[in-house]
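**Student:** model this:
(2 chains)
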Amino acid sequence: MRALLIMLCATAAALWGAYPSPIEIAVSANGSRLYVVCEGTDEVVEVDAAAGAVVRRVGVGQHPKSVALSSDGRQLYVANSWSDTVSVIDAASLKVVKELAAGYEPNAAVADLEGRFLYVANRIGNDISVIDLARGVETRRLLAGRGAAYLALSADGRRMYCTHIYPRLGPFRSPPESEVTAIDTRRQVVVERERLPNAAGVFHVVSANGGRLAIAAEMRPKNLIPLAHVEHGWVIGNSLSVFGADIGEVVEVPIDELDRYYTPPFGLAVTPGNDQLFVSTTGSDSVTAIDLPKLLAYIRAATPVERRLMANDLSASANYVSARIPVGRAPKGLALSPDGKRLYVANRMDDTISVVDTATRRAISTIALGRPIKLTAERRGERLFYSARFGFQGHFGCANCHIEATVDELSWDLEPDGFGVDIVENRLLEDIADTAPFKWNGSNPDLDTECGPRTEKYFYRAQSYSPAELADVVAFIKSIPLRPNRFRRQDGELTAQQERGKAIFERTRAKNGTPIDDTNQCYVCHSGPHYTDQQLADVGTGKPTDRSPLVDVPQLNNVALGAPYLHDGSARTLEEIWTVFNPHDRHGVTNDLSKDELNDLIEYLKTL
Amino acid sequence: MFAAGAAGAAAGGAGGAAAAVPEMPRFRWENFTTENGLPDNHVFQIKVDGSRVWAATENGLALYQDGRWKVYGTKDGLAHRAVLCVDVDPKTGDVWAATMGGLSRFSAGRFDNYTQLNSGLPNDVVYGVAVQGDAVWVATAAGGARFDVKTGQWRHFNERNTPMYEIWTYAVSAGTEKVYYAVWGGGVLEYDVKTGRWKDYNDPDGETEIVLLKDQGLIHEITTSVSWAEKDHVLWVATYFGASRYDGRYWKNFLEKDSGLPSNFLNHVKAVDGNRAWFSTDKGLAYYDGTNWAVYRPALDTKAPEMTVRDAQGKITQIPVTTAPSHNYILAVDFQGDDLWVATAHGVSHGIRLKQKETSK
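**Tutor:** Coordinates of the predicted model:
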């Protein structure tokens, strides 16, 4: 009986279980081993590159996001984004030898050339931890940009570059802008912030030409114009930012074509001879191969004006793109063999590694990492969520704006209800299954309406999901869990300041004793486990450009992570919701609060 | 006030043996005004960061480096043109500028601004800022606050949760053990980092200019500056009516009439250690070595460069000098090795230390 039970459990695991979801790869110095970080199973998988087979696995922290090798090849560093730690793994034994504390949501961890210090990009903290590896302690915290996520060490070891998945939080409806944060590794301070104009959503960065060149993969959203025109790249441009001594100022170049898009550009790898650059495009299930010398020659031949406008010239890519290589579903991280002959591609949604011959630029084999036999509705839906194939000419998918199911921190003019009408920003998609209705004005009663024909008509402008596919997408969205809240104590208790804020949140009388009307008490509208009564409310935040002042009461779980705020993103911080946009006490009675009382309220809201 | 006579450094009475004049630091002064690239001659504060010098001026934040001034203003992203105080995080190099319109954080060319509307900053009028570890302490016109750079949390300190009865905090000095606030009209507040407790220090004479109880407490409630010498556990305080030194048990007060202070009107005090300090007054820059005093300024009447030394007996000697700080109205001072950088009402002065027989600051 016991044996039967064990067999049944094993079968169930084989049938259902968790999907590895590989996202990043590191290759051993001799090329014999691949180390693949699997976000779905919280593990690092060691693969025999020649045999194309998994040889070992090691468990790490929650939601690992990256893996990097030390320069001597002896240690692996894995950023565990939900554990706020970095696992240090001995590569020989594949055992975790140390856990290092990092900041909020570490997304990448890369060591300096000497192996003395580890740099960790903290995505929620918007900063970079510098950790002394010998002592295992953080020695300084450097200011980065919003959503600091990816790191790369320059070839000469002098610079550590950091890119960001969110743009700078500039003035409302201003052009988006991102930055590459450059750290001097000798002094361990930020020495430069390379501005990336019109970029929002920047992913991997790579160093080439001995450190004289750097390239970042980015999206260039056209969020300031109405989403009325999809063809010719009028929604999101997929580009590379090229900068460094070999180029001078930043030049942004497209990887799209006039009638076909490759989105979003995510992973990067440069061959040892600096002749080829490979770019994974996650939603397009492909890898773009770029002739790097041709790209540089093209840029250098351009006039300054041409360089500034190059990103919008969709004919440009024909000058330097050498191939589009079909790989598996949702390709993410890339890594090259030391001799540059093989490119390994992590196919997140297939749970495989594609092996590409870099000479022929063709995928020649696939390495399976092991996954459940059955595909659940959630997994099928997740595949669709990250795919751009439903958008017109493959222009974009859900994940272009809902970056990894979060937000893009941009405001958009989305639907053809009139140009400039109903400006909106998006929200986190975590734990929203029971928060209907949807859309900023609550006009979509369920996710099927939110993601169904509306998406087809107003977003994709092409044939959208079948009913079965729609059901799968909805199943996936409903399954997205809430990430840990970093502002509440681990034991769940509130600090004294947070308790004061809670009292303000729950108060029924103003400070002068005047009763606050039910409809204007915070916790009446923001009630329940998701802090929403799921009704519509007019809280005085409607703009003249809105068709109606009524908004769907938003859920407040992890509200600290959802900047900017209000339905259109006009409040850049939580404070501004009340200091700027509540002059008549219609969004709760707050004008009788002192500044420190408002501060207490906000510290409490951050714990939700 | 000073010994008469233009005889210079001669000391001693007629017919008597010359008493030794205490050796006090001497400087050659180089002065910078708008003619040298400063954005404004009204300079509120100065901060030395290695070979770089930051000046908080009425019209921008200025950086002196490699022999040139570079100016950052609102067009570069600074929160407000009037910069009242500046500090530098020694670990990251980030520059924190307290302005009349918020708190600016300047890092590798980017300004991030915290205002009372967009953040937990209590008030946009930020008089003082001090970085200590992961904490940035601010003194504002509506109380103090502490910002944790790692967690992004703001904590406010005002009359509701501290002993302060006046919330106009004018300056802050932060150490690893204690943090001190100069509360304009409210004395001094002390924060114990370990226990999280506050304590106040007030003028035992009450809010008057009469000194009935000398050396029994803070000299006056209108405090403008505090400087915590943590190694020696000594606090120095500048007020508009004299200066105080507190070692945790005993107070020592300094007035113009019984010390070498050229004036009771003090804008700033900067500790060297528990025994020595520099005082920025409206009538010159003063230095106290624990026994003797020196004053550096353009003479009040003739504007000629002037340096005087006052010994323990109160004897004042004129020291011949050819240079002086730019103006007698001194607002702040900072150290660069043995050199001084001084914020004045007419520009920035760089005091280049001249070699002496004995080194004493």
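
**Student:** any idea what the closest residue in space to residue A:76 that isn't next to it in sequence is bridged to?
**Tutor:** Closest residue to residue A:76 apart from its sequence neighbours, by CB to CB, 6 or more residues apart in numbering or on different chains: residue A:89 at 4.1 Å. C-betas here are computed from N, CA, C, even on glycine. In this structure, residue A:89 bridges to residue A:76, residue A:96 when assessed by DSSP bridges.

**Student:** surely residue A:89 is in contact with residue A:100?
**Tutor:** No. The pair residue A:89 / residue A:100 is not scored as a contact, 11.6 Å apart, by CB atoms under 8 Å.

**Student:** and the residue of the stretch 251-361 of chain B nearest chain A?
**Tutor:** Going by CB to the nearest CB, chain A is nearest to residue B:336 of the stretch 251-361 of chain B, at 19.1 Å.

**Student:** please apply the same query to the stretch 101-250 of chain B.
**Tutor:** Nearest residue of the stretch 101-250 of chain B to chain A: residue B:156, at 3.7 Å (CB to the nearest CB).

**Student:** and the closest residue to residue A:264 other than its chain neighbours, what element?
**Tutor:** Nearest residue to residue A:264, sequence neighbours excluded (CB to CB, 6+ apart): residue A:219, at 5.2 Å. Per DSSP states H and E: residue A:219 is located in strand A:213-221.

**Student:** report the next helix or strand after that strand in sequence order.
**Tutor:** Later in the chain than strand A:213-221, the nearest helix or strand by DSSP H and E is strand A:236-244.

**Student:** just the pLDDT at residue A:524, thanks.
**Tutor:** Per-residue confidence (pLDDT) for residue A:524: 96.

**Student:** secondary structure class for it?
**Tutor:** Assigned by DSSP: H, G, I helix; E, B strand; the rest coil, the conformation of residue A:524 is helix.

**Student:** was I right to think it contacts residue A:533?
**Tutor:** Yes. Judged on CB under 8 Å, residue A:524 makes contact with residue A:533 at a distance of 6.9 Å.

**Student:** which stretches of the stretch 101-250 of chain A have low pLDDT?
**Tutor:** Applying pLDDT under 70 to the stretch 101-250 of chain A flags no residue at all.

**Student:** which parts of it sit against chain B?
**Tutor:** A:103, A:125, A:127, A:139-143, A:179, A:181-182, A:187, A:189-193 (CB under 8 Å from any CB of the partner chain).

**Student:** before we move on, what SS does residue A:306 have?
**Tutor:** Secondary structure for residue A:306, judged by three-state DSSP, is helix.

**Student:** tell me how far it lies from residue A:198.
**Tutor:** The gap separating residue A:306 from residue A:198 is 16 Å, by CB to CB, to the nearest Å.

**Student:** okay, these two: which has more neighbours?
**Tutor:** Taking other CB atoms under 10 Å in any protein chain shown, residue A:306 and residue A:198 do not tie; residue A:198 has more neighbours (21 against 14).

**Student:** spit out the contact partners of that one.
**Tutor:** Contacts for residue A:198 (CB atoms under 8 Å, 6 or more residues apart in numbering or on different chains) come out as A:175, A:176, A:177, A:220, A:252, A:311.

**Student:** kindly recompute the last result at 10 Å.
**Tutor:** By CB atoms under 10 Å, 6 or more residues apart in numbering or on different chains, the contact set of residue A:198 is A:167, A:175-178, A:218-224, A:237, A:239, A:252, A:311-312.

**Student:** do residue A:237 as well
**Tutor:** A:198-199, A:218-222, A:252, A:254-256, A:261, A:263, A:311-312, A:314.

**Student:** ok, of these, which come out buried?
**Tutor:** A:198-199, A:218-222, A:252, A:254-256, A:261, A:263, A:311-312, A:314 (16 or more other CB atoms under 10 Å in any protein chain shown).

**Student:** and residue A:524 and residue A:533? Which one has more around it.
**Tutor:** Counted by other CB under 10 Å, residue A:524 and residue A:533 do not tie: residue A:524 has more neighbours, with 18 against 14.

**Student:** checking the residue of the stretch 401-550 of chain A found nearest chain B next. Helix, strand or coil?
**Tutor:** Nearest to chain B, among the residues of the stretch 401-550 of chain A, is residue A:497, at 6.8 Å (CB to the nearest CB). Following three-state DSSP, the label given to residue A:497 is helix.

**Student:** residues contacting residue B:329?
**Tutor:** Residue B:329 touches B:42, B:263, B:265, B:267, B:280-284, B:297, B:343-346, counting by CB under 10 Å, 6+ apart.

**Student:** which residues touch residue B:161?
**Tutor:** Counting by CB under 10 Å, 6+ apart, residue B:161 has contacts A:496, A:497, A:596, B:143, B:155, B:198.

**Student:** which one (most neighbours) among these?
**Tutor:** Going by other CB under 10 Å, residue B:143 tops the contacts of residue B:161 with 26 neighbours.

**Student:** list the residues that contact residue B:81.
**Tutor:** B:39-40, B:57-61, B:73-75, B:99-101.

**Student:** which one of the contacts of residue A:237 sits closest to chain B?
**Tutor:** residue A:199 (15.2 Å).

**Student:** quick one, phi psi at that closest one?
**Tutor:** Dihedral angles of residue A:199 (phi, psi; degrees, to the nearest 10) stand at phi -100, psi 140.

**Student:** which residue sits closest to residue 143, ignoring its sequence neighbours?
**Tutor:** Picked chain A for this. Spatial nearest neighbour of residue A:143, chain neighbours left out: residue B:107 (4.8 Å); criterion: CB to CB, 6+ apart.

**Student:** my bad, the chain I had in mind was chain B
**Tutor:** residue B:158 (3.4 Å).

**Student:** next one, pLDDT for residue A:296 please.
**Tutor:** Residue A:296 is given a pLDDT of 97.

**Student:** what of residue A:452?
**Tutor:** pLDDT, residue A:452: 89.

**Student:** hang on, it packs against residue A:458?
**Tutor:** No. With contacts counted by CB atoms under 10 Å, residue A:452 stays clear of residue A:458, the gap being 11.1 Å.

**Student:** comparing those two, which residue is more hemmed in?
**Tutor:** Taking neighbours as other CB under 10 Å, residue A:452 and residue A:458 compare with residue A:452 leading, 20 against 14.

**Student:** find the nearest non-adjacent residue to that one, please.
**Tutor:** residue A:470 (5.1 Å).

**Student:** mind checking which helix or strand the one you found is in?
**Tutor:** Assigned by DSSP H and E, residue A:470 falls in helix A:467-479.

**Student:** got the buried residues for that helix?
**Tutor:** A:469, A:470, A:471, A:472, A:473, A:474, A:475, A:476, A:477, A:478.
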